[in-house]
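**Q** Provided below are the primary sequence and the corresponding predicted coordinates.
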Amino acid sequence: MNFKHRDIISIKDFSKEEIEYILEYARHMVPYANAEKHTTLLKGQILATLFFEPSTRTRLSFESAMHRLGGSVIGFADPSGTSQKKGESLADTIRMADSYSDAIVLRHPQEGAARLAAEFSEVPILNAGDGAGQHPTQCLLDLFTILTEKKKIKGNNVVLLGDLKYGRTVHSLAYALSLFKANLTFVSPESLKMPKEVIHECKEFGVEPVSTSNLEKAIKEADVLYATRIQRERFPDAEEYNRVVGSYKVDNELLKLAKQDLIVMHPLPRVVEIDPEVDKTKHAVYFTQAFNGVPIRMALLSLIFGGKKL
Amino acid sequence: MKELKVTPIKDGTVIDHITPGRALKVLHVLKIPESTVSVVSILMNVNGKKGKKDIVKIENRELDPKELDKIALIAPKATINIIRDYEVVKKHTVQLPEEVIGLTKCSNPTCITNTREPVESRFQVICKDPVRIRCYFCEREPEDIAAGIV
């Protein structure tokens, strides 16, 4: 399996075996990610992080991953101080970053931006989210979290909750979970239902997702509850946003209906979807999930730089 | 009793076996009437051997391959007959390529190809019947392919 110099644009670019390989590789990275062990595997390598949209976890965990591997990082977290504000095209920004670094992490508000960047870059592009499009490293860390918490992915009853229309993480995740033959239930307000093309993809893997607006019913059989934020920035108008925000809330009252070993995940940031009282329960794994971004990104960086397995 | 018929054409192109109801979209794709002063005849829902079909006849114009690809997007079973002096001199079925480059705009307004980046639109054909295409960049599938044709 060869990942050297490969772009990481969409989870759909990877076979099931490749994803399993990455997840296994990430498992070996955990002691390095939490600083129990140290390495200089990527010493001398430079990672450029170009964030045209705000990010906390994705950017920091990519940067942490690169530093933990002994490499260094250049980049920006806010495009306001860059040539983009002077009208520079993304293609030109990428050509420039390509000549300054050995790999580029890109977050951009426009869908397809990472695929376009890969057209103009010699060094690998890692997609850190392109608008409402793909966010493959998030998808991988979500799979890694389910795998480490539940020991397997196949056969788990996974409920995806919230903004299933605009939420980029749930589209990739529904695809990947179908690839691994998990059972899917989609819970959302009527106006934020899972797009039919995503449902179509799940069915191509032989998975028959159930769509409902009844969370109380769906949570009873769930092994994994994956909640998402209703994202204001993805809504074409404020009126629609105000209509649906806060339509579902995960709290201890709701969790009384759940299995003892249900895990609650969230890509974060959360706003009102998960009550802070849930944080103290054994169900809450969203902070572990956020940590898992580091070993997953360490694994990907090591693989695309052709580093040896630690 | 007088009967109104669409008569054979002397020179030009006959597009046969168009998916019924799509003749006007074919004309839209070919930018007719804006791009031509030729006489154009349209037949819709004609009974053929394999069920209903539409037919378009364009006088004094022979279609080029790029135009044929465009037609394939909306009428994948269409046949193109080139007519010279009332005879069919060339006949071929339109072929949908594996990839469609620069022919149709992405319907997703927030796709990177709809900005001023120096890149042509690119779609992968994921199903030939019914035609389904997916943007190589943003991975969206346009619902109305004809509407995006440039």
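**A** That came through fine.
**Q** Tell me the first helix or strand C-terminal of the helix or strand containing residue A:27.
**A** Counting by DSSP states H and E, the element that carries residue A:27 is helix A:16-33. Following helix A:16-33 in sequence order, the next helix or strand is strand A:46-51 (DSSP H and E).
**Q** and that next one, which strands flank it?
**A** Here strand A:46-51 is paired, per DSSP bridges, with strand A:72-76 (parallel), strand A:103-108 (parallel).
**Q** confidence score at residue B:35?
**A** Looking at residue B:35, its pLDDT reads 77.
**Q** And the helix holding residue A:27, how far out from the chain middle?
**A** Helix A:16-33 sits 15 Å away from the centroid of its parent chain (CA atoms, centre = their mean, to the nearest Å).
**Q** Residues contacting it, please?
**A** Residues lying outside helix A:16-33 but in contact with it, judged by CB atoms under 8 Å, 6 or more residues apart in numbering or on different chains, are A:1, A:3, A:11, A:14, A:37-39, A:64-65, A:68-69, A:140, A:143-144, A:147-148, A:176, A:179-180, A:291-292, A:294-296, A:298-300, A:302-303, A:309-310. Where C-beta positions appear, they are placed from N, C-alpha and C, glycine not excepted.
**Q** among these, which ones are buried?
**A** Burial by neighbour count, 16 or more other CB atoms under 10 Å in any protein chain shown: within the contacts of helix A:16-33 this picks out A:3, A:11, A:14, A:39, A:64-65, A:68-69, A:140, A:143-144, A:147-148, A:176, A:179-180, A:291-292, A:294-296, A:298-300, A:302-303.
**Q** in the helix or strand where residue B:134 lies, what's buried?
**A** Using DSSP H and E, residue B:134 sits in strand B:131-135. Using 16+ other CB under 10 Å as the burial criterion, the residues of strand B:131-135 that qualify are B:131, B:132, B:133, B:134, B:135.
**Q** what's the very next helix or strand once past that strand in contact with?
**A** Per DSSP H and E, the first helix or strand lying C-terminal to strand B:131-135 is helix B:145-148. When contacts are taken as CB under 8 Å, 6+ apart, the neighbours of helix B:145-148 outside the stretch itself are B:22, B:25, B:28-29, B:73-74, B:104-107, B:131, B:133, B:142.
**Q** Isn't residue A:202 up against residue A:176?
**A** No. Under the contact definition of CB atoms under 8 Å, residue A:202 does not touch residue A:176, with a separation of 10.2 Å.
**Q** Secondary structure element for residue B:54, which one?
**A** Taking DSSP H and E as the definition, one finds residue B:54 inside strand B:51-59.
**Q** Report the contact partners of the residue of the stretch 1-150 of chain A found nearest chain B.
**A** Residue of the stretch 1-150 of chain A nearest chain B, by CB to the nearest CB: residue A:112 (2.8 Å). Applying CB under 8 Å, 6+ apart, one finds that residue A:112 lies in contact with A:130, A:133, B:106, B:111, B:112, B:113, B:135, B:136, B:137, B:138, B:139.
**Q** Spatially, and excluding backbone neighbours, which residue is closest to it.
**A** Among residues not flanking residue A:112 along the chain, residue B:137 sits closest, at 2.8 Å (CB to CB, 6 or more residues apart in numbering or on different chains).
**Q** Pull the number of nearby residues for the one you found.
**A** Counted with other CB atoms under 10 Å in any protein chain shown, the burial measure for residue B:137 works out to 29 neighbours.
**Q** Can you give me the pLDDT of it?
**A** pLDDT, residue B:137: 97.
**Q** Could you say which helix or strand holds residue 67?
**A** Going with chain A. Mapping residue A:67 onto the secondary structure by DSSP H and E places it in helix A:57-68.
**Q** Not quite, go with chain B.
**A** Secondary structure from DSSP H and E places residue B:67 in helix B:65-74.
**Q** Pick out the residue closest to the middle of chain B.
**A** Closest to where the C-alpha atoms of chain B average out (CA atoms, centre = their mean) is residue B:71, at 1.9 Å.
**Q** Would you confirm that it contacts residue B:15?
**A** Yes. Residue B:71 lies in contact with residue B:15 (CB under 8 Å); the separation is 6.7 Å.
**Q** and the residue of chain B found nearest chain A, how far is that from residue A:124?
**A** Here chain B gets closest to chain A at one residue, residue B:137, 2.8 Å apart by CB to the nearest CB. Residue B:137 sits 17 Å away from residue A:124, going by CB to CB, to the nearest Å.
**Q** How about residue A:211?
**A** Counting by CB to CB - residue A:211 and residue A:124 are separated by 37 Å.
**Q** Kindly report the same for residue A:151.
**A** Taking CB to CB as the measure, residue A:151 falls 32 Å from residue A:124.
**Q** which stretches of chain A form helices?
**A** Ranges of helices within chain A are A:16-33, A:57-68, A:90-100, A:113-120, A:136-150, A:168-179, A:196-204, A:215-219, A:238-244, A:252-255, A:286-304, based on DSSP state H.
**Q** which of those helices sits most buried?
**A** Neighbour counts averaged per stretch over these are highest for helix A:113-120, at a mean of 26; criterion: mean count of other CB atoms under 10 Å in any protein chain shown.
**Q** who does that one touch, helix- and strand-wise?
**A** Using 3 or more CB pairs under 8 Å, 6 or more residues apart in numbering or on different chains; DSSP states H and E as the contact criterion, the secondary-structure elements in contact with helix A:113-120 are helix A:90-100, strand A:103-108, strand A:125-130.
**Q** Would you format the ones you listed as JSON lines with mean pLDDT included?
**A** Compiled in JSON lines, the helices and strands packed on helix A:113-120 are given as follows (pLDDT from 0 to 100):
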{"stretch": "helix A:90-100", "mean pLDDT": "97"}
{"stretch": "strand A:103-108", "mean pLDDT": "98"}
{"stretch": "strand A:125-130", "mean pLDDT": "96"}
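**Q** Mind picking out the helix or strand in chain B with the poorest mean pLDDT?
**A** One helix or strand of chain B scores below all others by mean pLDDT, DSSP states H and E: helix B:65-74, with a mean of 79.
**Q** Could you pull up the mean pLDDT of the following helix or strand past it?
**A** Read in the C-terminal direction, the helix or strand following helix B:65-74 is strand B:79-84, with elements assigned using DSSP H and E. When pLDDT is averaged along strand B:79-84, the result is 92.
**Q** Could you do stretch A:15-32 as well?
**A** Here the mean pLDDT over stretch A:15-32 is 97, rounded to a whole number.
**Q** Return the alpha-carbon coordinates of that stretch using CSV.
**A** Below are the C-alpha coordinates for stretch A:15-32, written out as CSV (Å, rounded to 0.1, in the frame of the first residue of the first chain):
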residue,chain,number,x,y,z
SER,A,15,-10.5,1.7,-0.4
LYS,A,16,-11.7,0.0,2.7
GLU,A,17,-8.4,-1.7,3.1
GLU,A,18,-6.5,1.6,2.8
ILE,A,19,-8.7,3.1,5.5
GLU,A,20,-8.1,0.1,7.8
TYR,A,21,-4.4,0.6,7.2
ILE,A,22,-4.5,4.3,8.2
LEU,A,23,-6.6,3.5,11.3
GLU,A,24,-4.1,0.8,12.3
TYR,A,25,-1.2,3.2,11.7
ALA,A,26,-2.9,5.8,13.8
ARG,A,27,-3.2,3.4,16.7
HIS,A,28,0.6,3.2,16.7
MET,A,29,0.8,7.0,16.8
VAL,A,30,-1.2,7.4,20.0
PRO,A,31,1.7,7.3,22.4
TYR,A,32,3.5,9.8,20.3
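**Q** Cool, thanks, signing off.
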